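1. any chance you could fold what I've pasted below:
(2 chains)
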Amino acid sequence: MNDDRMRKVLRDVPVPQEREAEERGWRVVRAAFDALPATQRQPGRIRWLVALAAGLLILAIGLSPAGAKVADLVGEVIHPGEEKARPKLTSLPTAGRLLVTSPQGAWVVAEDGAKRLLGGYEDATWSPRGMFVAVAKGHELTAVEPDGTVRWSLTANRPVSDPVWAPSGIRIAYRAGKSVRVVAGNATDDHLLARRAAPTPPAWAPDTDRNVLAFVDPNGRVRAVDVESGQTLWRSARFGGPVQSLQWSSTGRLLVMARSFFVTLDARGEAIAKGPIGGSVEAAAFSPDANLLALARRTGARSELELVRTGSAGSSQRRLIARPGRFTDIAWSPDGTWILIAWRDADQWLFIRPDDGKIIAVSDISRQFAPGGARAGRFPRVAGWCCAP
Amino acid sequence: MAAAVCGGEDARITAHVPREPSPRQERACIRAAQAGSEEALEQLFRRHWNRAHRAAYLVVHDAAAAEDIAQEAFLAALRSLHRFDRRRPFAPWLHRIVVNRAIDWSRSRSLRGEVGVEPELVSAAAAGYEVEAPHRYSDEVVEALASLSPEHRAVVVLRYLLEYTPGEIAGMLELPRGTVNSRLRRALDRLRILVEGEAR
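-> Numbers count the residues shown, from 1 in each chain, chains lettered A, B, ... in the order given. Here you go, the predicted structure:
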């Protein structure tokens, strides 16, 4: 095989849905272009506008006591909506700390915006009261304090991923290759729970008096296991597609999310609600009181964040925002007053207060979690918003 | 109309058969896109999408991920377009983002224990496509390519699909040139063994 043959082969390999992918790609890029801040889309014109606005502002302030109103008006024209994004994350809107993973590793973000790199870890999860963080890298599972001090580390035979700390605080579940394992919070009693499981992160039930873990078995059914006895409590029916995520509400309901539909299971694994998403699911998270589900879904080139109120009288939906591009993560503040939505295609985080729709946007997120790097890294993932120290 | 935006009739491209623009036309296109022209942006996109998407696909071997990576790369490029230095060529800038993201994705996938490549990539015949003899050779090469590490796949793709020199590849992947050469040599040796060995 010579070089020319290699070139020809690589050029001719059929790429699935090549044309469709191109059209989808163009729709996303065009939508993002439309949503770019005017200062980025037409820098030349904007510089001229800014100069004009500044002149108007000075004139108005000089001539009239209503100068402040003119200043507001100019500001709104030039920087509408998320164009008012803060360039740096200087604080969180309410108490708590964020856990974030980026290509550089796992980070803890304090309420005052201070960021601490815990180390070059890939997956991370808070302990229930935020006293520790369980992190994974390669074949190692490690427990660290929020200042990065390593408490213990264990090595598995296979690559470790998706650690989750039980609400009781005494167990950590994690995936090692295709298996699901459980270890005590002090690194003892590490044992196999299931030899094979689907690549969906496991999820702990909210009980603190026992440790029940749900995971998806290789047949696509959800299994709930009492980790202490090893007993399978229930096994769900199969679903119409691969399960993407499992989320327990604090009242013991389990939300099973697939790409285009959801099913809610009760404490016995029986389906109590199900339905299509209307688009594809990007992320979902229950509010701390379990009354609201924040759901990010994508339809075409846009993503929407909806609040679904679930209760005995049925459910109701309210759209909070819709933007071009993708939302990748959702996290509720520990007090349930704010939602953080990670808007990958704008490289922004949006802090949204559901009560009144107030939005605080922070831009340039990738670069803030790639300090000293020559280029912005991959968009960081939000691993959790935990309690204040 | 779009053609005029980026410098005359020669710059026109069809949606799926991009024609190589001259550096001058490319600069004109970028300048127009920076000034807010959606037509110019579309031309840039159409010119560069196919190779970027194909490169991502050949590194990650997952159609959905390749589409995501190519989209992400264009969006990253779009976010930085206003400060892009027009004296520099656009393609290497974009390809650097694509290939590095594709390598990152492949590494994280292998870490998560997800295995396998897409059936349609490994064997078009097995996936039910009508396959003629020349295609089978292509399948074998691609199947062999899938058996390489993402880092080795990346240098093969950069060298033979995107036509960069080993020195340019070294710059894009932030590697010593010797490492690029040795990866390239090892990858080709392995491909030769896998493809020609099986053909015997």
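2. close to chain B: what parts of the stretch 151-300 of chain A are there?
-> A:158-159, A:161-162, A:175-178, A:199 (C-beta under 8 Å from any C-beta of the partner chain). For glycine as for every other residue, the C-beta is placed from the backbone atoms N, C-alpha and C.
3. please, a ChimeraX command that selects the buried ones among the residues you listed?
-> Here is the ChimeraX command that selects the buried residues among these (16 or more other C-beta atoms under 10 Å in any protein chain shown):
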select /A:159,161,162,175,176,177,178,199
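4. can you name the element that comes right after the host helix or strand of B:Ile69?
-> Using DSSP states H and E, B:Ile69 sits within helix B:63-80. Using DSSP H and E, the helix or strand that follows helix B:63-80 in sequence is helix B:90-111.
5. for that next one, which residues meet the burial criterion?
-> Judged by neighbour count using 16+ other C-beta under 10 Å, the buried positions of helix B:90-111 are B:90-106, B:109, B:111.
6. picking up where we left off before, and the helix holding B:Ile69, what's buried?
-> B:63, B:65-79.
7. helices of the chain, residue ranges please.
-> Unless you meant another one, I'm taking chain A. A:3-12, A:18-35, A:38-41, A:43-63, A:67-78, A:365-368 (DSSP state H).
8. can you look at chain B instead?
-> Using DSSP H, helices in chain B cover B:2-5, B:23-34, B:38-60, B:63-80, B:90-111, B:119-122, B:133-146, B:150-156, B:166-173, B:177-199.
9. out of the ones you listed, which comes closest to A:Pro288?
-> Of all the helices of chain B, helix B:90-111 sits nearest to A:Pro288, with 29.4 Å by C-beta to C-beta.
10. ok, and what's touching the closest one?
-> Residues from elsewhere that reach helix B:90-111, judged by C-beta atoms under 8 Å, 6 or more residues apart in numbering or on different chains: A:103, A:122, A:138, A:159, A:161, A:378, B:26, B:30, B:44, B:48, B:51-52, B:55-56, B:59-60, B:62, B:65-66, B:69-70, B:72-74, B:76-77, B:84, B:150-151, B:153-154, B:157-158, B:162, B:164, B:168, B:172-173.
11. sketch out the low-pLDDT regions of the stretch 201-350 of chain A for me.
-> Low-confidence segments of the stretch 201-350 of chain A, defined by pLDDT under 70: A:310-315.
12. try 50 this time
-> A:312-313 (pLDDT under 50).
13. I'd guessed A:Trp165 sits against A:Pro128; true?
-> Yes. At 6.3 Å, A:Trp165 counts as touching A:Pro128 under the criterion of C-beta atoms under 8 Å.
14. and the two? Which one has more around it.
-> A:Trp165 (23 against 17; other C-beta atoms under 10 Å in any protein chain shown).
15. show the pLDDT at the more buried one.
-> Predicted confidence (pLDDT) for A:Trp165: 95.
16. so what's it closest to, chain neighbours aside?
-> Spatial nearest neighbour of A:Trp165, excluding adjacent residues (C-beta to C-beta, 6 or more residues apart in numbering or on different chains): A:Ser127 at 4.6 Å.
17. got a pLDDT number for the one you found?
-> If you check A:Ser127, the pLDDT there is 94.
18. specify the beta-bridge partners of the residue nearest to the spatial centre of chain A.
-> Chain A has A:Asp329 as the residue nearest its centroid, 1.9 Å off, counting by C-alpha atoms, centre = their mean. Going by DSSP bridges, A:Asp329 is paired in beta bridges with A:Ala342.
19. wait, it touches A:Ala342, no?
-> Yes. When contacts are counted by C-beta under 8 Å, A:Asp329 is listed as touching A:Ala342 (4.1 Å).
20. any shared contact partners between these two?
-> What both A:Asp329 and A:Ala342 touch, as defined by C-beta under 8 Å, 6+ apart, is the set A:381-382.
21. the bottom helix or strand of chain B by mean pLDDT?
-> One helix or strand of chain B scores below all others by mean pLDDT, DSSP states H and E: helix B:119-122, with a mean of 30.
22. got the helices of chain B as a markdown table, with distance to A:Leu213 columns?
-> A markdown table is the format used below for the helices of chain B (distance: least, C-beta to C-beta, whole Å):
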| stretch | distance to A:Leu213 |
| --- | --- |
| helix B:2-5 | 56 |
| helix B:23-34 | 51 |
| helix B:38-60 | 31 |
| helix B:63-80 | 28 |
| helix B:90-111 | 21 |
| helix B:119-122 | 32 |
| helix B:133-146 | 34 |
| helix B:150-156 | 32 |
| helix B:166-173 | 40 |
| helix B:177-199 | 41 |
